[in-house]
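Participant: Turn this into a model:
(chains A and B)
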Amino acid sequence: MDNIKRKYSKKTISSFINYGIVIAFFLVLQILSVTGHLGSSMKGQLIPICSYIIMALSLNLVVGISGELSLGHAGFMSVGAFSGVVAASSLADAVPNGIIRLLIALMVGALFAGLAGMVIGIPVLRLQGDYLAIVTLAFGEIIKNVLNCLYVGADSKGLHFSLKDQQSLHMESSGKVILSGPMGALGITKLSTFFIGIVLIILVLFYIQNFVNSRPGRAIAAIRDNRIAAEACGIPVTKYKLMAFVTSAAMAGAAGALYALNYSTVVPKKFDFNTSILVLVFVVLGGIGNLRGSIIAATVLTILPELLREFQDYRMLVYAVVLILVMLITNNEKAMEYLRKTIKKLLKSKSEGRHTT
Amino acid sequence: MSNKDIKLVQLPSPNFVPERDRDKPLMLEVSHLGIDFGGLTAVNEFNIGISPTEIAGLIGPNGAGKTTVFNLLTKVYEPTRGTILLDGKDTHGMNTIQVNQAGIARTFQNIRLFDKLTVEDNVKIGLHNSIKYHMPTGVFRLPKYWREEKKAHERALELLSIFDMQDMAGYIAGSLPYGAQRRLEIVRALATGPKLLLLDEPAAGMNPSETSELMENIEKIRDEFKIAILLIEHDMNLVMGVCESIAVLNFGEIIAKGTPAEIQNNPKVIEAYLGADEESSN
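Facilitator: Reported below is the predicted structural model:
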C-alpha cells in the first residue's frame, strides 16, 4: 500500500501522461479505422508515423538530452531498415510466424544500427565540438551510397553479398534476391502492424524516460550542461555520450526496420539527408529535450503534407509557412499565453455546454 | 673504490605543515611543477606540501597563475614538468576524471553548476561514483535502483545541510542566488568524497556576513570530513582568518610561504601586491 501512496514526482506524472497520449492516439485511430472513418491514405500513414515518432524520440536522446548534434540519423534508420528486411526475408521459411519474424527483424535492425553507432561514436565522441555533426552527416551519405550498390541474395546455402551486380552473387537457381542495389529491397512481405509500432513507441518512451531519471541519465545531462564540471565530478564523459548515442542509433534502426517492413519495396534513396533533417525538424519543433513535443511534432508533420494535398503545387510552400508560424508562436511567450487562455476558455465553454444540456 | 664509506643523510623536506600533522605523510606533495603555453611559462618551479588536515591558501595578484595551478592539479592541463603526489600516489598519466576518483575535488572561479538540473541532482552527480547500479537496473527500475536512489537522496540532503540548503533541494540550480550557487559547488565537490578539496575563490561575490559564515564552514568541513583544503582567495580577511599556511604566487613562481602572520609582513609579498616603491626611491 505504501508504494501506491508514494508521492509521485512531477517527472513520473509527466511520463505517465506521455504513455497516456500514445495509448489514446492508438485507441482513437484504431476505432476510426475499424468504423471506417479513416481514409486509405491516412491508414497508410499510421506505421510511418510510428517509425517517425521513434526516430524523433531517439534523436531527442542525442540532441536534447546529450546535447550533441547528429545530422545522419536517417543513416541509422537505413542500416536498420535494410538489415531488418534481409533478416525478415531470409528467415521467411525458417520462421513462418509473421509477428515473430517482425520482432526478429526489429532486433536485427536495432543491433546493426547500434553497431554502426558504436563504430562512429567511439572515435568521434572523444572530441569536443561539432565533429559529431560533420561525421554523422558524412555517415548518412556513405551508407546511402553503399546500400545503393549492395546486392544481397539468399539461397539454401545462406546469404550471398556482392557490391557489383546480381550475377556476381553466384546463387543457386532457387535463390532469392533480397537487395538489388539502387532498386533497393524488392518484394518485401508486409509484416509491420500499427499495434507493434505503438508497442515499440511505448518501449522507447519507457526506456528514455527511465534512463533520463537514473544515474547514467543524470550523468549525461551533467555533461550536456557543463562538460568540464562533469569531468571534475569524476564522470567518464565519453562512456556516457557513447551510451546515449549507441542507444539512439539502435532505436533508429528498429524504427527503420518497422518502416521498411510496411512497404513492398524500399529504396536506399528514401533515407537521405532530407530525412535526417526532417527528423531533426521534428525534434526542434517539438522542443529540444521535450519527448512529448517530439511525439506531437512527428505526428502532425507526417500527417500535414497529406492534409495539404488540396494546395497541390503549393503544398510544400504552405508546409514551410506552417513550420515558420509554429516556431514563431512557440518561441513567443505572449502568443503562447494567449493560446493557453483561448484553449482554457474553449474547454470551459464546452464543459458548461455539456452541463446545461 | 671507497664508496662503502659514503653515508647518505635525509635532507629536510622543503615543506612546512601544521605541527599536529608532523608525523603524518603529506596528502599532496607537488614538486618542480611547471607548464609552458608555447613560449610562455605560466607556472614554474611550483613546490607545495599539504598535510592531511591542513587548510592552505594560495594567493597572488591577478594573472599570477593560481587557477593554472588548480588546472594542473586536476589535469585540466597536462603539466610540462614536475610531479604531483596525491596521498603518495603519482597522478602522472591520469586525466581529470581519474584524478577526481583518486581524491581531488574542486570548485571553479566562474561557477560551473549544472544549471538546468535541480540542486539535489547537482549533488547526486557529485555522488555519481558512490551510487552503485548500472544502466539496466535504472531503466527497468529494479529494487536496487530504488534502494540506491533513496540512499543517494538522503546523502544529498545530508550534504546540503552543511550549508543549510536542504530546503532548496528542489530548486533549479541556475536560479539560485550567487552565494548559494558557490555553496552548492562546494557541496557537489564534497559529494565526490575527496581527500583534498580545491576551492577557487569561494568567497567571490559574497557579502561580509556570508564570508564569515563561509569561514566557519570551511573549518567545519575540514573537521567533519577530515580532508585537506587548498583555497585561492582574494579576500584577505578569509585567507588570514582560516588558512594555516599560505603560499604566494607571482608571475608563476612561489615568492613566499609561511603562516598568515609571516606572509603579512613579508616585503616581497607587499611588493608583489603594491608594486616596488619606485616613486619614492627615484
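
Participant: so who does the closest residue to chain B within the stretch 201-350 of chain A touch?
Facilitator: Per C-beta to the nearest C-beta, A:S214 is where the stretch 201-350 of chain A lies closest to chain B, at 2.8 Å. C-betas here are computed from N, CA, C, even on glycine. A:S214 makes contact with B:133, B:135, B:137-139, B:145, B:149, according to C-beta atoms under 8 Å, 6 or more residues apart in numbering or on different chains.

Participant: of the residues you listed, closest to chain A?
Facilitator: Nearest to chain A among those, with distances taken as C-beta to the nearest C-beta, is B:G138, at 2.8 Å.

Participant: Any part of the helix or strand harbouring that closest one near chain A?
Facilitator: For B:G138, the host element (DSSP states H and E) is helix B:135-139. Yes - remark: helix B:135-139 sits within contact range of chain A at B:135, B:137-139, by C-beta under 8 Å from any C-beta of the partner chain.

Participant: top of those by neighbour count?
Facilitator: B:G138 (23 neighbours; other C-beta atoms under 10 Å in any protein chain shown).

Participant: measure the nearest residue to it once chain neighbours are set aside to B:S175 for me?
Facilitator: The shortest distance from B:G138 to any non-neighbouring residue, by C-beta to C-beta, 6 or more residues apart in numbering or on different chains, is to A:S214 (2.8 Å). Here A:S214 is placed at a distance of 24 Å from B:S175 (C-beta to C-beta, to the nearest Å).

Participant: Up against chain A, what does chain B have?
Facilitator: Near chain A, when you scan chain B using C-beta under 8 Å from any C-beta, you find B:74, B:76, B:95-97, B:100-101, B:105-106, B:108, B:112-117, B:121, B:124-126, B:128-129, B:131, B:133-135, B:137-141, B:145, B:148-149, B:188-189, B:191-192.

Participant: Now the buried members of those.
Facilitator: By neighbour count, with 16 or more other C-beta atoms under 10 Å in any protein chain shown, the residues of chain B next to chain A hold B:74, B:76, B:96-97, B:100-101, B:105-106, B:108, B:112-114, B:116-117, B:121, B:124-126, B:128-129, B:131, B:133, B:135, B:137-139, B:145, B:148-149, B:188-189, B:191-192 as buried.

Participant: Which stretches in the stretch 101-250 of chain A count as strands?
Facilitator: Applying DSSP state E, counting those that start in this stretch to the stretch 101-250 of chain A gives strands spanning A:151-155, A:158-162, A:176-180.

Participant: Redo these as JSON lines? Include mean pLDDT, mean neighbour count and distance to A:L291.
Facilitator: Shown next, in JSON lines, are the strands of the stretch 101-250 of chain A (pLDDT from 0 to 100; neighbours: other C-beta atoms under 10 Å in any protein chain shown; distance: least, C-beta to C-beta, whole Å):
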{"stretch": "strand A:151-155", "mean pLDDT": "86", "mean neighbour count": "21", "distance to A:L291": "35"}
{"stretch": "strand A:158-162", "mean pLDDT": "84", "mean neighbour count": "15", "distance to A:L291": "37"}
{"stretch": "strand A:176-180", "mean pLDDT": "85", "mean neighbour count": "20", "distance to A:L291": "34"}
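
Participant: possible to save the ones you listed as TSV with distance to A:N210?
Facilitator: Formatted as TSV, these follow (distance: least, C-beta to C-beta, whole Å):
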stretch	distance to A:N210
strand A:151-155	36
strand A:158-162	36
strand A:176-180	36
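
Participant: now A:S276, nearest residue through space, not along the chain?
Facilitator: A:S276's closest residue in space is A:A74 (C-beta to C-beta, 6+ apart), at 4.2 Å.

Participant: sorry, that was for B:K268
Facilitator: B:I255 (5.0 Å).

Participant: same thing with B:M94?
Facilitator: That would be B:K75: by C-beta to C-beta, 6+ apart, it lies 6.0 Å from B:M94.

Participant: any idea whether the most centrally placed residue in chain B is helix, strand or coil?
Facilitator: Nearest to the mean C-alpha position of chain B, by C-alpha atoms, centre = their mean, lies B:L198 at 0.8 Å. Following DSSP: H, G, I helix; E, B strand; the rest coil, B:L198 is assigned to strand.

Participant: how about it, what does it touch?
Facilitator: B:L198 touches B:70, B:73-74, B:104-107, B:189, B:229-231, counting by C-beta under 8 Å, 6+ apart.

Participant: where do the helices sit along the stretch 151-300 of chain A?
Facilitator: A:194-212, A:215-225, A:227-232, A:237-260, A:273-286, A:291-307 (DSSP state H, counting those that start in this stretch).

Participant: In CSV, list those helices along with mean neighbour count and mean pLDDT.
Facilitator: Formatted as CSV, the helices of the stretch 151-300 of chain A follow (neighbours: other C-beta atoms under 10 Å in any protein chain shown; pLDDT from 0 to 100):
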stretch, mean neighbour count, mean pLDDT
helix A:194-212, 20, 94
helix A:215-225, 24, 93
helix A:227-232, 22, 93
helix A:237-260, 27, 95
helix A:273-286, 21, 91
helix A:291-307, 20, 89
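
Participant: Next, format these as TSV and append distance to A:L29.
Facilitator: Shown next, in TSV, are the helices of the stretch 151-300 of chain A (distance: least, C-beta to C-beta, whole Å):
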stretch	distance to A:L29
helix A:194-212	7
helix A:215-225	31
helix A:227-232	42
helix A:237-260	16
helix A:273-286	19
helix A:291-307	10
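
Participant: Contact partners for A:A254?
Facilitator: A:54, A:80, A:84, A:106-107, A:109-110, A:113, A:200, A:204.

Participant: Name the nearest of these relative to chain B.
Facilitator: Closest to chain B, out of all of the contacts of A:A254 and judged by C-beta to the nearest C-beta, is A:V204, at 11.4 Å.

Participant: show me where pLDDT drops low in the chain?
Facilitator: Picking chain A for this. For chain A, the stretches with pLDDT under 70 are A:1-8, A:351-357.

Participant: could you do chain B instead?
Facilitator: Ranges of chain B meeting pLDDT under 70: B:1-2, B:10-14, B:276-282.

Participant: what ranges do the helices span in it?
Facilitator: B:66-73, B:96-102, B:119-126, B:135-139, B:143-160, B:178-191, B:208-225, B:236-242, B:260-264, B:267-274, B:278-281 (DSSP state H).

Participant: and among these, the most buried is which?
Facilitator: Comparing the helices of chain B by mean neighbour count (mean count of other C-beta atoms under 10 Å in any protein chain shown), helix B:119-126 ranks first with a mean of 26.

Participant: what helices or strands is that helix leaning on?
Facilitator: Applying 3 or more C-beta pairs under 8 Å, 6 or more residues apart in numbering or on different chains; DSSP states H and E, we find helix B:119-126 packed against helix A:215-225, helix B:143-160, helix B:178-191.

Participant: Taking helix B:143-160 as reference, get the angle to it.
Facilitator: On the basis of axes from the mean of the first three to the mean of the last three C-alpha atoms, to 10 degrees, helix B:119-126 is oriented at 110 degrees to helix B:143-160.

Participant: Helix B:119-126: how far from the chain's middle?
Facilitator: 19 Å (C-alpha atoms, centre = their mean, to the nearest Å).

Participant: Near chain B, which residues of chain A are found?
Facilitator: A:206-207, A:210-211, A:213-219, A:221-222, A:225-226, A:228-237, A:243.

Participant: follow-up on the earlier one: gap between the residue nearest to B:G138 and A:G293?
Facilitator: 22 Å.

Participant: just B:R147 next, same as before
Facilitator: 33 Å.

Participant: How about residues contacting stretch B:176-185?
Facilitator: Counting by C-beta under 8 Å, 6+ apart, B:107-108, B:111-113, B:119, B:122-123, B:160, B:163, B:165, B:168, B:173, B:202-207, B:210, B:214, B:217 sit against stretch B:176-185.

Participant: One more: stretch A:16-27?
Facilitator: By C-beta under 8 Å, 6+ apart, stretch A:16-27 touches A:194-195, A:198, A:201-202, A:205-206, A:209, A:291-292, A:295-296, A:299.

Participant: if we can go back for a sec, okay, the helices and strands packed on helix B:119-126 in TSV with distance to B:F37 next?
Facilitator: Below are those laid out as TSV (distance: least, C-beta to C-beta, whole Å):
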stretch	distance to B:F37
helix A:215-225	26
helix B:143-160	36
helix B:178-191	26
